[in-house]
Structure formats: C-alpha cells, structure tokens
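1. Dropping a prediction and its sequence here:
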Amino acid sequence: MSPSDPLSVPVLARAARVHGAALALLAVLVAGCERTPAPDAAAPAPAPSTDAAAPPAATPAPPPPAADDAALLAGAEIRVPGDGQPDVPLTLREGRGDYVSGDERGQAVLDGVLGGVATADGRDLFANLSVIRGGSGNWRYVALFHIGPDGRARHADSRFVGDRVRLQRVETAGAVDGTHYDAILHYLDRGPDEAMAAAPTVPATLPLRIEDHRFVGDVTASP
C-alpha cells in the first residue's frame, strides 16, 4: 500500500495510538519499580559480648570427713586418765599405744571419732578413748581434742563414761558461743540387772558442757 492510498492514514493513526499506549504503560511500570522501596537488609547479628563470664560464687568448703579426722588423731599426743593418779602422757601410733605407770601396764586406743564442733578459734573433736588397765575392764572415755589454726590436734580433756559401754556419737545441744557450748553424748549401756559380760544394748545419754575446750560441771548419765 502506498502512502498516497486513502486507507493508510487511519491504519497509521491506530498504530500510532497503540504504540503510544504501549510506551505509556511501559513508563508507568518503570515508574512503579522506581517507587517500590527495596526490602530492608537483614539486621546485623549482635556482636558477641567481650565481657568475661562472672565466676560462680565461692562455696564454703565442707567439713573434713570422719576418716580425715581419725587420721589426724592417729598420731596425737594424749594424756591417759590416771583414775585418781596423775595422767600418763602417751604418743599414739596408728591410734593406739602402750604405757607404764608404776606397777600398772595398760593400753590406750582411740576407737573412732564421735563428732566435731566448729569454734571461734578452730574445731573441737570428740573421740572414743578406750583404756585397758589390765584385767577384764575396758574403760571408755569421751576424749576432747582441739584443732587450732596450725591444724594440729591437741588433747584437751577427757570425761569417763563407763566400763565396757559402746560410745556412738556426740551432738551439740544449742548454739555455740565462741568456745562455750553444750553437747550430748549418745551411747549404749546395760540394764541394771545385766551382767558386765552382756553386750550393751540400752540407749543412754550423757550431757556435756564445754568451755574453752574443757569439760566443766557435774553431769549425770540418763537412760
């Protein structure tokens, strides 16, 4: 078709309008893309803290177990109660020792730790002290040791309990005031009609009062 053909003008006009609309639509799309905000960038991860973790709170050390206390007393220097005579100094070896006092020959044995108490200047330990003076008797004492700041065990005092009784444990009775406190010894005895050869099976207690690492006052055992 030649440009002079009368039908070419409307065709060209329609083509121009279609082309113009297409251009307008393209312009709208481009403008819309320019106006659409870009998605936010991912927030950066927080930087790891450079502060050192706080150390856990210190936990008080537990009291030494009875096995350690027994080992501490195994080589202690003690005074064997003289039973009306002067006490006999004796250095234990592995918790026991033989002694001679005049005509008396005997043996002393620390037969276990009965308990311990923290004091203002260290610790008090109670031990089961057995003294055999010859014959069939086995005299039982509760021996009091004090452990000072240097860690040494010093035999401070002894209290007689009975013949062939079985000492069990010592417990505090009330608060500890510095180096003054009350305690109770639990042990087994025999009934009043039982022979000394009978095994001790009757529960009994002995109140104890301690001041400055020594037994004080008169005490009476109770069944």
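-> Perfect, I can see it now.

2. Show me where this structure has its strands.
-> Residue ranges of the strands in the chain, as given by DSSP state E, are 77-80, 88-91, 96-101, 104-119, 122-132, 139-147, 153-163, 166-172, 180-189, 202-211, 214-215.

3. Let's see the pLDDT reported for the closest residue to Asp87 other than its chain neighbours.
-> Nearest residue to Asp87, sequence neighbours excluded (Cβ to Cβ, 6 or more residues apart in numbering): Arg79, at 3.9 Å. In short, each C-beta sits where N, CA and C put it, glycine included. On pLDDT, Arg79 comes in at 96.

4. who does Arg79 bridge with?
-> When assigned by DSSP bridges, Arg79 has beta-bridge partners Pro89.

5. That one: neighbour count?
-> By the criterion of other Cβ atoms under 10 Å, Arg79 has 16 neighbours.

6. That one and Leu92 touch, don't they?
-> No: proximity of Arg79 to Leu92 does not meet the contact threshold set by Cβ atoms under 8 Å, at 11.4 Å.

7. From Asp212, how far out is Thr130?
-> Wrong residue type there; residue 130 is Ser, not Thr. Counting by Cβ to Cβ, to the nearest Å, the gap from Ser130 to Asp212 is 26 Å.

8. Looking at these two, which is more packed in?
-> Each of Ser130 and Asp212 has its neighbours counted (other Cβ under 10 Å); Ser130 has more, 19 against 13.

9. In contact with the closest residue in space to that one that isn't next to it in sequence, which residues?
-> Spatial nearest neighbour of Ser130, chain neighbours left out: Val109 (4.6 Å); criterion: Cβ to Cβ, 6+ apart. Applying Cβ atoms under 8 Å, 6 or more residues apart in numbering, we find Val109 in contact with Gly95, Arg96, Leu129, Ser130, Val131, Ile132.

10. partner residues bridging Val109?
-> Taking DSSP bridges, one obtains Arg96, Ser130 as the residues bridged to Val109.

11. What separation do you get for it and Ala70?
-> When distances are taken as Cβ to Cβ, Val109 and Ala70 turn out to be 12 Å apart.

12. residues shared between the contacts of those two?
-> With Cβ under 8 Å, 6+ apart, Val109 and Ala70 have common neighbours Gly95.
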